[in-house]
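J.: heads up, no residue letters with this:
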């Protein structure tokens, strides 16, 4: 372990990437405390501390930036929502988007640019909704004598903050280590862990004189968290190896092929992306409804689409399962894999090349993905029931989703570091 950490700092390129990532995260944490001009932050903070948990979930994923109503209050969610929309439109909905999706690196750049424009548009919509909704919620005390210009300035500042976070995430992906957007969400969640621990202790263990029951409850909570971590690691690392045999080919005076290899299919090939997507999409109509917070339908949306309400929970689970299948099959296309094997003289023993191989890969991927999707859904909603039984605060009840993202991002980042070390003939964390 310590030798591996020492090896990381020996590799100059890897050391620079890690230091750059840490530097960006420091900027992110500093920006989380920079207030938006024209907002009475004290009224907003006190109202949240008094028990208003309308956007407690978003506050957790923004690292407390929402409660501070800082320039990063919107977090990175408009970018995530925009990327979801662009990916869906690329599935032959808009022919030009579908064409770009098949053009390799050039097409990806075009779609990335569209995603950025979409982020700005969605950011402005959410920023307007957030500022108007919160000001009405707190009786116009948060933004005194607010005019359209005041709302416009706040919306522009919040959108600029989200755009800056989007840029920081892209910089981490390009010059740092790990997926930049996931790393920023990871940092936001990790920053809120001490606050959740303190809230749990103060609300459950300090004011009660039943020492034995408090200790027992604490041990049970700790065991559940450990089981969640073990389960996440087990599923994230689990793969099924599909054997592939390549036929021998003679090209000129040389013979190629003839070796045995395998296709590693992960149980959860999508990682934590479906959870992040589902969380972002579930919260978008709630923020949009804050435009008309006094109307009956807006109150219905705000109340029923909460993640701990029956309808909101069902939608949350369905979206997690749907996005898991969508993202997995986008990343690993069975038709493309079957064609590549056929072109290179490869085949799965006992399966005919071509259409039969495609059907076999699709069937295997469907079964594996369903297992991973159900696991993600269960881990995401289990803490709601467990938290209600244990009497935990609502902000702590999202621990399963938070822990899932934290562990998943940590594993993905560790794998990238691992690959960098192995490439330079160093032993990593996993391969000993």
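T.: That came through fine. No experiment lies behind these values; they were computed from the predicted model shown. Numbers count the residues shown, from 1 in each chain.

J.: Show me the helices in the stretch 1-150 of the chain, by range?
T.: Taking DSSP state H, counting those that start in this stretch as the criterion, the stretch 1-150 of the chain carries its helices at 2-10, 12-31, 41-49, 56-61, 65-68, 77-89, 95-101, 105-137, 148-175.

J.: average pLDDT across the first one?
T.: What it means is helix 2-10. Helix 2-10 shows a mean pLDDT of 69 in the predicted model.

J.: before we move on, the earlier item: among the helices of the stretch 1-150 of the chain, where is the model least confident on average?
T.: helix 41-49 (a mean of 60).

J.: Enumerate every residue touching the residue nearest to residue 263 when sequence neighbours are not counted.
T.: Spatial nearest neighbour of residue 263, excluding adjacent residues (CB to CB, 6 or more residues apart in numbering): residue 242 at 4.2 Å. Any C-beta I mention is one placed from the backbone N, CA and C, and that applies to glycine too. Residue 242 sits next to 262-265, 348, 361, 364 when contact means CB atoms under 8 Å, 6 or more residues apart in numbering.

J.: Could you do residue 316 as well?
T.: Counting by CB under 8 Å, 6+ apart, residue 316 touches 278-279, 282, 307, 377, 380-381.

J.: hang on, the earlier thing: sort out which of the contacts of residue 242 are buried, if you could.
T.: Among the contacts of residue 242, those scoring as buried are 263, 265, 348, 361, 364 (criterion: 16 or more other CB atoms under 10 Å).

J.: helix/strand/coil for the residue most central in space within the chain?
T.: Geometric centre of the chain, nearest residue: residue 276, 3.4 Å, by CA atoms, centre = their mean. Following DSSP: H, G, I helix; E, B strand; the rest coil, the label given to residue 276 is helix.

J.: For the remainder of this discussion, apply numbering that starts at 5.
T.: OK, 5 is where the count begins now, so the last one is residue 280.

J.: Let me know the average pLDDT across the strand or helix carrying residue 382.
T.: Taking DSSP states H and E as the definition, one finds residue 382 inside helix 359-394. pLDDT averaged over helix 359-394 equals 83, rounded to a whole number.

J.: can you pull the buried residues of it?
T.: In terms of neighbour count (16+ other CB under 10 Å), helix 359-394 has its buried residues at 361-362, 364-366, 368-369, 372-373, 376-377, 379-381, 383-388, 390-391, 394.

J.: Just the buried positions in the helix or strand following it, please.
T.: Going down the chain from helix 359-394, the next helix or strand is helix 403-427, by DSSP H and E. For helix 403-427, a neighbour-count test (16+ other CB under 10 Å) marks 403-417, 419, 421-422, 424-425 as buried.

J.: Helix 403-427 to helix 16-35, inter-axis angle?
T.: If you take axes from the mean of the first three to the mean of the last three CA atoms, to 10 degrees, helix 403-427 sits at 150 degrees to helix 16-35.

J.: Which elements pack onto helix 403-427?
T.: helix 6-14, helix 16-35, helix 184-205, helix 215-241, helix 277-293, helix 359-394 (3 or more CB pairs under 8 Å, 6 or more residues apart in numbering; DSSP states H and E).

J.: Quick check: which of the ones you listed is buried the most?
T.: Burial of those is given as mean neighbour count (mean count of other CB atoms under 10 Å); helix 277-293 ranks first at a mean of 22.

J.: so which strand or helix has residue 325?
T.: Residue 325 is part of helix 314-335, with elements assigned from DSSP H and E.

J.: next SSE after that helix?
T.: Sequence order places helix 338-347 as the next helix or strand after helix 314-335, per DSSP H and E.

J.: Contacts for that following helix next, please.
T.: Under CB under 8 Å, 6+ apart, the answer for helix 338-347 is 248, 267, 350-352, 357-359, 361-362, 365-366, 369.

J.: Check which residues of that helix are buried.
T.: By neighbour count on 16+ other CB under 10 Å, the buried set for helix 338-347 is 338, 341-342, 345-346.

J.: could the residues you listed be laid out in a markdown table, adding pLDDT and distance to residue 178?
T.: Shown next, in a markdown table, are the buried residues of helix 338-347 (pLDDT from 0 to 100; distance: CB to CB, whole Å):
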| residue | pLDDT | distance to residue 178 |
| --- | --- | --- |
| 338 | 84 | 30 |
| 341 | 83 | 28 |
| 342 | 84 | 32 |
| 345 | 81 | 32 |
| 346 | 80 | 35 |
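
J.: Which of the contacts of residue 246 fall within helices?
T.: Among those, the residues falling in helices (DSSP state H) are 365, 368.

J.: In strands only, show me the contacts of residue 246.
T.: Within the contacts of residue 246, residues falling in strands by DSSP state E are 266-269.

J.: which one of the contacts of residue 320 sits closest to residue 304?
T.: Relative to residue 304, the closest of those is residue 286; by CB to CB it sits at 15.0 Å.

J.: who touches the closest one in this structure?
T.: 309, 311, 316, 319-320, 323.

J.: Need the pLDDT of it.
T.: Confidence at residue 286, expressed as pLDDT, is 79.

J.: got it, and the one 10 residues further on?
T.: The predicted structure scores residue 296 at 70 on the pLDDT scale.
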